[in-house]
Structure formats: C-alpha cells, structure tokens
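> quick one: sequence and predicted model below, then my questions.
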Amino acid sequence: MYSLQDQDLTPEQVIQLTSTMISVAKANGVDPAETVLIREFYENARSEDMPPTDAMLESQAESQFNFDALAGGSPEFADALVYMGLMTAYADGSLSQEERGLVKSIAKATGMDDELLAKHLSRVHDEAVRSLSHLPDSGLKDSVLAESPRQSRSIPVAAELFPDAHK
C-alpha cells in the first residue's frame, strides 16, 4: 500500500499536493486542524527555492482546483494525491459528503479505479481511528467511529462510495 515517505517529490508535486489538500479543506469550510496539517506538510516538503508557506497558502486559497493538471501522472503520485486529500478531509474528525465527492473526483481525474480509492479510504479511516484510540471518549472519536460501522473493511466502504461498482 501507499507511503508518501517513499517518494522524492518535485517542487511541482509538492505544490500540486498542497493545492489538493487546500481544495479538500475548502470543500466544506476550512477547519483549523486541516490548516495545521496543510501547513506542516508544505513546510516539511518545500525546498528553499519555493514560495514561503504563507504565500503559498494565500495563493491557493482563492484559486480554483485544476483537475486537468492531474491527468497523466504516475500511479504513485495519484496515490499521494488521494491519500493526502483523505488525510486532510479526516483532519477535522469527519469526512463530509463534499470532501468525499471532491476526493472521488480527484481519483477519477488521475485515472484511479474505484477499488483502489476504497482501499485508500479504508486505510485513512483506520489510521484516524488508531490515532484517536488513546484519547478518552470524545465527540471527535465518536464521530470518526460512527462514520464507517462495518464488518468487512473494504466492500461496504466501496459500496458506499461507488454504489454502481458492486452490482
């Protein structure tokens, strides 16, 4: 399965990933937790010749997401785009319908199939649950757990995302 740490990202890829994360965050209103995640990603991934973090975030905040720019990339980079989009969506503790729809559109624009997207969704959801498992009961933890009550980890999630894919 996918690991962002295994990739050497070009400045263009860092900007595209950051743009993807910002677009997902904007889908239902930017939450402070999403902003922290985006800022940390960009600050850790950027090289010295790239725009400063605040300038990058400001320039992307008002721009429209360019789905056409996603076509023709490697499968590994498509994984990174979808994974970071989902991580951003879950940063506030839930995956809204708007975020889900945008990530699905991003996956389609990269050529990713529904099954792989469902696997990414399941993985990110499970990571969110694990990261909250050490906390005392909280609304955030309950929110993430309630989002995907499932016996089998991938098929129901895939069916939720892509009802036509499993007929």
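It's in.
> okay, CA-based contacts and neighbour counts for the rest of this
OK.
> any buried residues in stretch 13-21, and which?
By 16 or more other Cα atoms under 10 Å, the buried positions in stretch 13-21 come out as 13-21.
> save these as a markdown table, and put in secondary structure too.
A markdown table is the format used below for these (DSSP: H, G, I helix; E, B strand; the rest coil):
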| residue | secondary structure |
| --- | --- |
| Q13 | helix |
| V14 | helix |
| I15 | helix |
| Q16 | helix |
| L17 | helix |
| T18 | helix |
| S19 | helix |
| T20 | helix |
| M21 | helix |
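> quick check: the two most widely separated of these?
Q13 and M21 (12.1 Å; Cα to Cα).
> a markdown table please, covering the buried residues of stretch 13-21 and showing distance to G111.
Formatted as a markdown table, these follow (distance: Cα to Cα, whole Å):
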| residue | distance to G111 |
| --- | --- |
| Q13 | 17 |
| V14 | 20 |
| I15 | 20 |
| Q16 | 16 |
| L17 | 16 |
| T18 | 20 |
| S19 | 18 |
| T20 | 16 |
| M21 | 18 |
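> which among those gets closest to K108?
Closest to K108, out of all of the buried residues of stretch 13-21 and judged by Cα to Cα, is T20, at 13.6 Å.
> nearest residue to that closest one in space, please, no chain neighbours.
Closest residue to T20 apart from its sequence neighbours, by Cα to Cα, 6 or more residues apart in numbering: G85 at 6.2 Å.
> OK, contacts around the residue nearest the centre of the chain?
The centre of the chain sits closest to G85, judged by Cα atoms, centre = their mean, with a distance of 1.6 Å. Shown in contact with G85 (Cα atoms under 8 Å, 6 or more residues apart in numbering): 20-21, 24, 103.
> what's the answer for V124, then?
So V124 contacts 83, 86-87, 90 (Cα under 8 Å, 6+ apart).
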